[in-house]
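S.K.: Fold the following, please.
(one chain, ligands or ions: 2)
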Amino acid sequence: MTLYKNIEIPQLDLKYEQPLGLFINNEFVASSDGETIETFNPATEESIASFQAASEKDVDFAVKSARDAFENEWSKTSAEERGLLLLKLADLVEREKSLLAAIETLDSGKPYHSNSLADLEQILQVTRYFAGGADKFNAGRYIPLKHDKYAYTMRVPYGVVAQVVPWNYPLAMASWKIQSCLAAGNTIVIKPAENTSLSLLYFAKLVKEAGFPAGVLNILPGHGPVTGTALASHKDVDKIAFTGSTNIGQTIMSLAAKSNLKDVTLECGGKSPCVIFADANLDEAVPWVAAGIFYNSGQNCTANSRIYVHKDIYQEFLTKFKEYASKNWKFGSKFDPFDEECTLGPVISKGQYERIESYVDHGKDSEKLSVKQLAEYPSKKGYFIPPTIFSDVPISSKLSQEEIFGPVAVAAPFSTYDEAITLANDSSYGLASCVFSESARTTGQFARDIKAGTVWVNSSNDEEAAVPFGGFKMSGIGRELGPSGVETYLQTKSVHVNISKL
Ligand SMILES: NC(=O)C1=CN([C@@H]2O[C@H](COP(=O)(O)OP(=O)(O)OC[C@H]3O[C@@H](n4cnc5c(N)ncnc54)[C@H](O)[C@@H]3O)[C@@H](O)[C@H]2O)C=CC1
Ligand code: BAL
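M.R.: Ligands and ions are numbered 1, 2, ... in the order given. This is a model prediction of the structure:
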């Protein structure tokens with residue numbers, strides 16, 4: 001059994017040592033039952049490494065380590081100290097930025113130059129934002145009551161928090177959760193996704209180097225139904241935060257309810273609408289809309305996968321959109337996400353490839369595919385899917401209702417504002433939305449009427465560390481980022497103070 005592997009990334013002339021163990025108490029250790037998971041490069045389908053997978057017993061051990069660290073040390077640190085540790089961590093992430101981005105590309109297929117480095121930029125922004133927020137987003141309130149009574153609230157950490165993160169933004173999604181949760185003063189046991197655990201395991205080394213005490217952050221790669229289930233149902237876990245499919249979000253919520261009623265934050269699926277009004281500047285809108293669905297190969301919970309365009313500019317939009325996408329969203333001649341030409345990487349796995357292709361096939365059979373697949377590509381290794389646009393798709397179609405999570409957009413025309421809003425809101429999801437118009441009144445009305453946690457006005461998917469993020473309806477519960485990113489990991493204690501004298 002090996003807990004490290006030397007890995008070479010010749011495209012960047014890089015060699016490094018990849019940790020492969022569970023990270024508990026600041027050490028890499030083997031799983032108790034010898035279970036491992038093999039991870040593959042989605043661009044080549046070749047094996048990269050096998051890492052340890054946590055059993056239920058390992059979960060118990062990690063939760064106990066997190067509990068001991070919380071009770072004995074971490075709960076006694078000041079918010080300022082936690083902020084300073086996070087700042088140190090940010091400096092180390094910055095030092096290792098290229099390597100972390102390279103690991104992300106190797107393991108997930110994200111284009112290195114456009115996506116992985118951008119993820120790392122966001123991770124730095126988020127880490128420094130929460131470092132600064134550690135002693136600012138935790139303030140309680142003073143509540144004046146009577147002449148001789150007042151109360152105040154304290155915002156205190158939960159204790160031990162479990163986190164389960166997905167594969168589409170492996171280190172970025174982990175960072176939204178870890179950095180905010182540590183700033184709030186909790187200890188953590190986190191499970192990365194089966195197919196993208198490598199970057200978080202390397203990040204563990206930096207956490208230790210930054211000086212975080214043992215047991216404060218524990219990382220347990222593992223199978224969802226084993227490690228994830230054990231975390232969600234653990235009786236000594238005080239809160240669980242999850243990003244992934246709505247289906248598993250519901251499972252986690254039910255396990256949390258049945259075990260110890262632990263608090264739950266969920267960031268689940270989306271089918272985000274993008275509405276383009278007749279007065280929109282199409283030349284500005286098209287690049288945003290294309291990035292909103294093709295960036296990260298559409299594997300983005302906030303992807304603007306439903307596009308509604310005013311009938312007067314619908315055909316013009318489709319022509320421009322198709323032209324722009326075919327010029328700018330490309331695999332590159334080498335089909336290599338490390339190559340600067342590659343802006344559209346492979347999707348994460350064979351399973352996701354087949355799932356997306358089944359939607360494309362459904363579209364071919366039952367919907368009007370007026371803008372067909374933009375290019376024919378020679379069959380080769382890797383899970384590459386070209387930008388795909390279906391037009392005139394009815395709202396009842398499964399292409400309009402279900403999260404495809406690939407570079408597949410559906411478009412349809414509308415005639416009036418009311419029709420546009422009805423179409424946009426006709427979804428069980430409510431994560432994000434975007435609107436394009438030159439009229440402040442139209443965009444203002446849209447922001448008022450849309451049922452979604454985020455509205456982008458004349459842009460798409462440009463998230464910011466300072467702005468809360470989360471969903472309405474079946475897209476989730478709770479908010480990450482912004483002050484709420486820290487608040488979500490704090491609970492309120494109310495203190496009644498009697499100052500009367502007999
Ligand atoms: N909101 C988002 O950002 C994401 C949405 N998805 C959606 O989900 C679809 C399927 O992707 P999957 O990889 O199957 O997502 P998933 O929801 O199964 O995986 C997300 C995380 O949940 C864990 N997990 C799986 N089963 C679990 C269980 N029973 N208990 C606890 N944790 C568990 C996984 O190991 C992973 O870490 C995608 O096509 C997409 O539509 C997937 C990933 C991210
Ligand atoms: N848009 C980043 C968050 C996510 O896809 O889960």
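
S.K.: near ligand 2, which residues of the stretch 251-400 of the chain?
M.R.: With the criterion set to CB under 6 Å from any ligand atom, the stretch 251-400 of the chain comes near ligand 2 through Asn300, Cys301, Thr302. Every residue, glycine included, has its C-beta placed from N, CA and C.

S.K.: ugh, typo on my part, it should be the stretch 51-200 of the chain
M.R.: Asn168, Tyr169, Met173.

S.K.: of all these, which comes closest to ligand 1?
M.R.: Within these, distances to ligand 1 taken as CB to the nearest ligand atom reach their minimum at Asn168, with 4.8 Å.

S.K.: Surely the closest one touches Gly298?
M.R.: No - using CB atoms under 8 Å, Asn168 and Gly298 do not qualify as a contacting pair, with a distance of 9.5 Å.

S.K.: Now for the two: what residues contact both?
M.R.: Listed as contacting both Asn168 and Gly298 by CB atoms under 8 Å, 6 or more residues apart in numbering are Phe405.

S.K.: hmm, back to that, quick one: which of the residues of the stretch 251-400 of the chain next to ligand 2 has the most company?
M.R.: For these, the largest number of neighbours (other CB atoms under 10 Å) sits with Cys301, at 27 neighbours.

S.K.: Can you verify my assumption that Gly222 contacts Ala53?
M.R.: Yes - the pair Gly222 / Ala53 is scored as a contact, 4.4 Å apart, by CB under 8 Å.

S.K.: how about the helices of the stretch 301-450 of the chain, start to end?
M.R.: Secondary structure of the stretch 301-450 of the chain (DSSP state H, counting those that start in this stretch): helices located at 314-328, 350-366, 398-401, 417-425, 440-449.

S.K.: Compare these and give me the one nearest ligand 1.
M.R.: helix 350-366 (6.0 Å).

S.K.: Tell me how far that closest one lies from the chain's centre.
M.R.: In terms of CA atoms, centre = their mean, to the nearest Å, the centre of helix 350-366 is set 23 Å apart from its chain centre.

S.K.: what mean pLDDT does it have?
M.R.: What helix 350-366 shows for mean pLDDT is 89.

S.K.: And that helix, what's buried?
M.R.: Buried residues in helix 350-366, counting neighbours by 16 or more other CB atoms under 10 Å, are found at Gln352, Tyr353, Ile356, Glu357, Tyr359, Val360, His362, Gly363.

S.K.: List of residues touching it?
M.R.: Residues from elsewhere that reach helix 350-366 (CB under 8 Å, 6+ apart): 45, 299, 346-347, 369, 373, 383, 385, 388, 390, 393, 397-399, 402, 404-406, 408.

S.K.: 10 Å instead?
M.R.: 40, 42, 45, 167-168, 195, 297-299, 346-347, 349, 369, 372-373, 382-386, 388-390, 393, 397-399, 402-408, 410 (CB atoms under 10 Å, 6 or more residues apart in numbering).

S.K.: Can you flag which of the residues you listed belong to strands?
M.R.: Of those, the ones assigned to strands by DSSP state E are Phe40, Thr388, Ile389, Phe390, Val408, Val410.

S.K.: how far away is the spatially closest residue to the first one that is not a sequence neighbour from ligand 1?
M.R.: Residue nearest to Phe40 in three dimensions, not counting chain neighbours: Ser47, with 5.7 Å by CB to CB, 6 or more residues apart in numbering. Distance from Ser47 to ligand 1, counting by CB to the nearest ligand atom, to the nearest Å: 19 Å.
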